[in-house]
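Q: pasted the sequence and its predicted model underneath.
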Amino acid sequence: VINMISVDGPVAGDVVFKHKDFAALHFTGSTAVFRHLWKEIGNNIDLYRSYPRIVGETGGKDFIMVHESANAAQVATAMTRGSFEFQGQKCSAASRAYIPNNLWEDVKKIVVEQVSSFKMGSPEDTSNF
């Protein structure tokens with residue numbers, strides 16, 4: 001089960017990190033925020049039923065999460081652009097994607113077609129991807 005929370009950090013933190021059943025955190029974002037979260041969890045360790053699993057992906061490890069109702073072509077374009085624009089050397093470069101089974105074959109086909117069409121070469125040549 002993946003619970004995605006979209007809320008102001010301090011608001012969520014006051015509830016989540018002080019709850020006895022807190023069990024895990026998979027964070028993608030800045031190093032400074034992750035360090036703060038780690039300290040907060042550490043300060044509350046005596047409250048938890050068990051030691052929480054903590055994963056922090058800082059410094060540019062973004063993922064793409066796709067809903068089963070998404071448009072396969074749009075997902076594929078978001079994946080290829082998100083992974084390869086600026087040669088993948090940007091802090092928001094996508095490193096993985098969670099694709100529902102009902103979309104995977106279509107998305108994969110389009111991604112392969114798009115990536116196969118990329119022209120590689122000197123970054124001075126703006127016709128290169």
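A: Everything's here; your move.

Q: only C-alpha atoms from now on, for both contacts and neighbour counts.
A: Fine.

Q: A strand includes Phe63, no?
A: Yes: under DSSP: H, G, I helix; E, B strand; the rest coil, Phe63 sits within a strand.

Q: contacting residues for it?
A: Ala94, Ser95, Arg96, Ala97, Tyr98 (Cα atoms under 8 Å, 6 or more residues apart in numbering).

Q: just the strands in the protein please.
A: All strands of the chain, identified by DSSP state E, fall at 24-29, 53-58, 62-65, 94-98.

Q: avg pLDDT for the third one?
A: To tie it back to what came earlier, the one meant is strand 62-65. Here strand 62-65 scores 84 as its mean pLDDT.

Q: okay, buried residues for that strand please.
A: By neighbour count on 16 or more other Cα atoms under 10 Å, the buried set for strand 62-65 is Asp62, Phe63.

Q: where does pLDDT dip in the protein?
A: Applying pLDDT under 70 to the chain flags the ranges 1-3, 5, 59-61, 87-92, 129.

Q: longest helix in it, please.
A: Of all the segments assigned as helix in the chain under DSSP state H, the longest by residue count is helix 101-117.

Q: quick check: buried residues in it?
A: Result for helix 101-117 [16+ other Cα under 10 Å]: buried residues Leu103, Val107, Lys108, Ile110, Val111.

Q: noted, bye for now.
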